[in-house]
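Q: okay, structure incoming, though there's no sequence with it:
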């Protein structure tokens, strides 16, 4: 590492420099705080060894000036006048460690190795964060459509508050991506973002996943678990498909929202939490309230700010721009050079009704890039359904066959439901019948 050695003692600087260079560090000497600040303004350093007594200067006064000039600098203070009070004050002002004089090369090596280890860990965390961001591009939020721009404007204004936000829209419209974007723009951005998929588990298991449980609370509870509310402490809890939250759990969620309190399953101790709640749904919650499936008071607690994301078929002006951005993303992932779309492919993308919204578009583009054998993506690279002229949207009463209407309806129901069983229930047929229809239609 590049080390800036700041000490007014020529003899100590010389011996410390020899020790540091024997450890393969590059050393620059500064006999005063003024010289150190001058050097820091012209070249980067990872570490500064700072004496607290620099002639007429105070190292404690120089320390914040160093950090203001180079916020990432790791400062280790050194002094022959070591006291607990000066150590605490140095740490309060931004030092990362403390070495009392006289120190040995071994002590110096140990301090620098700790700093190097922390730097490697921070670098690893940054790299992993970059990978996560690369794996989930925010192409969904690119828009030229007024309705989508209005939704994003409300979302980003709400981001800096702690208000509950209810995101509404069809499956695949980007509600989860927008929830992450709201968190990233909030004051809680450095804290966790935790997702709970409400339809994924039974009421008992979902309660345990949400609030945690104690050992022995139920069969299989072999140890205490904290739950996702605790995991989201200080950050954001995203409740995906909140309309599917079991009725028995709704009063407990309402209490969490109102009082910031909850209990783990099998425990009487009341716990408090500091989380911001975002929720998403594709259901008509007002109808669920009338039917007795959703609590009205919970709805109003969740619906402080409501944002509805328009389906992709109502964002025609965005389709090609989204497709191009996704193409670039998947091309980079696969190491291919893709220059764009043929005119026929562009027409097919614009003509399609996109019942699965952006999720369907993303899958279509990923497939096209993987299968592409030329720099330009053609209709043959897109899913077969995109090449069919009638996919622009089939209306009842149009001059089309019953089979074409059935195929379009099945496709839309599959895109709007989470499982085959749910889609079959909506269609009023057995899952095995639906499987045969999917095979026949190539879905």
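A: Yep, that arrived. Predicted model only: the values in this text are computed from it and were never measured.
Q: what about the stretch 51-200 of the chain, any weak spots by pLDDT?
A: 81-84, 126-140 (pLDDT under 70).
Q: quick one: the strands in it?
A: Using DSSP state E, counting those that start in this stretch, the strands of the stretch 51-200 of the chain run over 53-54, 57-58, 74-79, 97-100, 165-168, 193-197.
Q: following the last one, which helix or strand comes up?
A: The reference is to strand 193-197. Next helix or strand after strand 193-197 toward the C-terminus (DSSP states H and E): helix 203-211.
Q: redo the strands of the stretch 51-200 of the chain as JSON lines? Include distance to residue 429 and mean neighbour count.
A: The way it works is simple: take the backbone N, C-alpha and C, and place the C-beta from them, glycine included. Shown next, in JSON lines, are the strands of the stretch 51-200 of the chain (distance: least, Cβ to Cβ, whole Å; neighbours: other Cβ atoms under 10 Å):
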{"stretch": "strand 53-54", "distance to residue 429": "83", "mean neighbour count": "19"}
{"stretch": "strand 57-58", "distance to residue 429": "81", "mean neighbour count": "14"}
{"stretch": "strand 74-79", "distance to residue 429": "65", "mean neighbour count": "23"}
{"stretch": "strand 97-100", "distance to residue 429": "69", "mean neighbour count": "18"}
{"stretch": "strand 165-168", "distance to residue 429": "28", "mean neighbour count": "24"}
{"stretch": "strand 193-197", "distance to residue 429": "26", "mean neighbour count": "19"}
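Q: now do the contacts for residue 410.
A: 423, 427, 434, 437-438, 441, 443 (Cβ atoms under 8 Å, 6 or more residues apart in numbering).
Q: can I get the buried part of the residues you listed as one PyMOL selection?
A: With 16 or more other Cβ atoms under 10 Å as the criterion, this PyMOL line picks the buried residues out of the contacts of residue 410:
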select buried, resi 423+427+434+437+438+441
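Q: tell me which of the contacts of residue 410 has the lowest pLDDT.
A: Least confident by pLDDT among those: that is residue 443, with 69.
Q: follow-up on the earlier one: ok, of the contacts of residue 410, which one's closest to residue 315?
A: Each of those was checked against residue 315 using Cβ to Cβ; the closest is residue 443, at 23.1 Å.
Q: circling back to that earlier point, adding distance to residue 344, write the strands of the stretch 51-200 of the chain out as CSV.
A: What follows is these, written out as CSV (distance: least, Cβ to Cβ, whole Å):
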stretch, distance to residue 344
strand 53-54, 74
strand 57-58, 73
strand 74-79, 58
strand 97-100, 65
strand 165-168, 35
strand 193-197, 39
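Q: mind checking those for the one nearest to residue 40?
A: Going by Cβ to Cβ, the one of those nearest residue 40 is strand 74-79, 10.9 Å.
Q: who does the closest one touch, helix- and strand-wise?
A: strand 47-51, helix 59-69, helix 84-92, strand 97-100, helix 105-135 (3 or more Cβ pairs under 8 Å, 6 or more residues apart in numbering; DSSP states H and E).
Q: of those, flag the one that's most buried.
A: Among the helices and strands packed on strand 74-79, the stretch with the highest mean neighbour count (mean count of other Cβ atoms under 10 Å) is strand 47-51, at a mean of 26.
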